[in-house]
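Student: fold the following, please.
(one chain, ligands or ions: 1)
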Amino acid sequence: MVRPECSRKSPKTSLLAIYRLLYREYGPQHWWPAETPLEMIIGAILTQSAAWTNVEKAINNLKAGADLSIEGLRSLPHDELARLIYPSGYYNVKARKVNAFVEWLSERYDGDLDRLFVLDTVELRNELLSVHGVGEETADSIILYAAHQPIFVIDAYTRRIITHLGLAPQKDAYAAFQALFMDNLPRDETLFNEYHALLVQHGKAVCRKTPLCTGCCLNRLCPTFTEPSSP
Ligand code: SF4
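Tutor: The predicted model follows:
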């Protein structure tokens, strides 16, 4: 049996090959779909445990029913904020998270995202992780897609695809998956932006919980792929 390429090549070569194949298959993904950095951040909070289509409905409600600014969000009573973001699910919890973020930004950075985003990546990440409701994936999404600093975002799609491809780190931890990408790829914001978006697209369209391996653009690299038996 011929061994798939991912098990023969270095992680760096494999990760670049995967990126090129995904880009050829799906093209540019134009992430993050938001008009302003604040809208991006609110979207990153609302997308926790939610499909993006439902987040879009919540964002549209916010735009129609409120001023999507720090002061606009601060002035919304909890119940009204929860009502507007209802489509994204867990609306009471998420309303508290949105409120925690805008209050924190107002008190600590005078409501000015530019003042926050001048921090270096390590400091910025620590700051964001101190906010109620901001975990590693959300913090890294904000750093990459709103602050435009190069950090790799890890999510469930990335873990699944990388594991199927035989590249998973020994330790099943967010930091270990992130190090796999950050230690083996150039620290390039554009590359990290596109790569993460392409992995999400591939995880939704093809490498699902039950993967559609036959038509997968990565199948020649993938040790999980088995040729369908002929009739
Ligand atoms: S071949 Fe199958 S398991 Fe491997 S990456 Fe493609 S869809 Fe996922």
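
Student: how close does Phe225 get to the ligand?
Tutor: As judged by C-beta to the nearest ligand atom, to the nearest Å, Phe225 and the ligand stand 4 Å apart. Just so you know, the C-beta spots here come from the backbone N, C-alpha and C atoms, and that holds for glycine as well.

Student: tell me the secondary structure at that residue.
Tutor: coil (DSSP: H, G, I helix; E, B strand; the rest coil).

Student: please renumber the chain so that the first residue is 898 from this point on.
Tutor: Will do, 898 is the new start, and the previous item becomes Phe1122.

Student: I'd like to know how far it sits from Tyr916.
Tutor: Distance, Phe1122 to Tyr916, by C-beta to C-beta, to the nearest Å: 18 Å.

Student: one more: Ala1043?
Tutor: Between Ala1043 and Tyr916 the computed distance is 22 Å (C-beta to C-beta).

Student: so those two - more neighbours on which side?
Tutor: Using other C-beta atoms under 10 Å, the more surrounded residue of Ala1043 and Tyr916 is Ala1043, with 21 against 17.

Student: chain center to stretch 1067-1077: distance?
Tutor: 15 Å (C-alpha atoms, centre = their mean, to the nearest Å).

Student: cool, stretch 1027-1035 as well?
Tutor: From the chain centre to the centre of stretch 1027-1035 is a distance of 13 Å (C-alpha atoms, centre = their mean).

Student: now that stretch: buried residues?
Tutor: In terms of neighbour count (16 or more other C-beta atoms under 10 Å), stretch 1027-1035 has its buried residues at Val1028, Gly1030, Val1031, Glu1033, Glu1034, Thr1035.

Student: which strand or helix spans the residue lying closest to Asp1009 once chain neighbours are set aside?
Tutor: Once flanking residues are discounted, Asp1009 sits nearest to Leu1002: 7.8 Å by C-beta to C-beta, 6 or more residues apart in numbering. In the assignment (DSSP states H and E), Leu1002 maps to helix 988-1006.

Student: C-alpha coordinates for the following helix or strand past that helix, CSV please?
Tutor: Sequence-wise, the next helix or strand downstream of helix 988-1006 (DSSP H and E) is helix 1010-1014. What follows is helix 1010-1014, C-alpha atoms only, in CSV (Å, rounded to 0.1, in the frame of the first residue of the first chain):
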residue,chain,number,x,y,z
LEU,A,1010,-10.3,49.6,19.8
ASP,A,1011,-7.3,51.2,18.3
ARG,A,1012,-5.8,51.7,21.7
LEU,A,1013,-6.3,48.0,22.4
PHE,A,1014,-5.0,46.8,19.1
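
Student: helix 1010-1014 packs against which elements?
Tutor: With contacts taken as 3 or more C-beta pairs under 8 Å, 6 or more residues apart in numbering; DSSP states H and E, helix 1010-1014 sits against helix 934-943, helix 988-1006, helix 1018-1026.

Student: tell me the mean pLDDT over the longest one?
Tutor: Averaged across helix 988-1006, pLDDT comes to 98.

Student: return the residues of the chain in contact with the ligand.
Tutor: Counting by C-beta under 6 Å from any ligand atom, the chain comes close to the ligand at 1058, 1061-1062, 1103-1104, 1108-1110, 1113, 1115-1116, 1119, 1121-1122.
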